[in-house]
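1. Task: produce atomic coordinates for the following.
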Amino acid sequence: FITRKDSPKVSEIKKHTQVNVSFSNPNNVAFVSIRGHAEVVQDKDKAKELWNPYLKAWFPQELDDPNLGLLRVIIDGAEYWDSASSFVVRVVGYVKAAFGNASTLEGDNKKVNFS
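-> Sure thing, here's the model as predicted:
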């Protein structure tokens, strides 16, 4: 992640490196939660790879901005939830489960440990 080295988040991470990064795609009913440890790094090649023109609002000197840094997350573990079911199918599943007729959701949930 591209970040300002003087941001409150960077100060926080320097004191407590443990982080959680989450991503959700409600349209596809997919969710990911990643836990790990973060560190601030300088990597001009990676910054160039991640750069987009909108970042100029925070980094007027672009890739040469002295306050540009990267947050690297070393992953300890992750969990994801994925369901191909439509909203209506999930609601019907909840109702059936409430009456003991079926499981609540069909889908996928996995935990992965990297440490």
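
2. any idea how far V19 lies from P26?
-> Separation of V19 from P26 (Cβ to Cβ, to the nearest Å): 23 Å. Where C-beta positions appear, they are placed from N, C-alpha and C, glycine not excepted.

3. scratch that, F114
-> 26 Å.

4. These two - which one has more neighbours?
-> F114 (11 against 8; other Cβ atoms under 10 Å).

5. Now the more buried one. Nearest residue, chain neighbours left out?
-> Once flanking residues are discounted, F114 sits nearest to I75: 5.0 Å by Cβ to Cβ, 6 or more residues apart in numbering.

6. Helices of the protein, residue ranges please.
-> Secondary structure of the chain by DSSP state H: the helices cover 8-15, 44-50, 87-98.

7. pLDDT on the second one, on average?
-> Right, helix 44-50. In this model, helix 44-50 carries a mean pLDDT of 96.

8. just the CA coordinates of that helix, formatted as CSV?
-> This file holds the C-alpha atoms of helix 44-50, laid out as CSV (Å, rounded to 0.1, in the frame of the first residue of the first chain):
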residue,chain,number,x,y,z
LYS,A,44,10.9,2.8,-5.7
ASP,A,45,10.1,-0.1,-8.2
LYS,A,46,7.1,-1.3,-6.2
ALA,A,47,5.9,2.3,-5.7
LYS,A,48,6.1,2.8,-9.5
GLU,A,49,4.1,-0.4,-10.0
LEU,A,50,1.4,0.8,-7.6
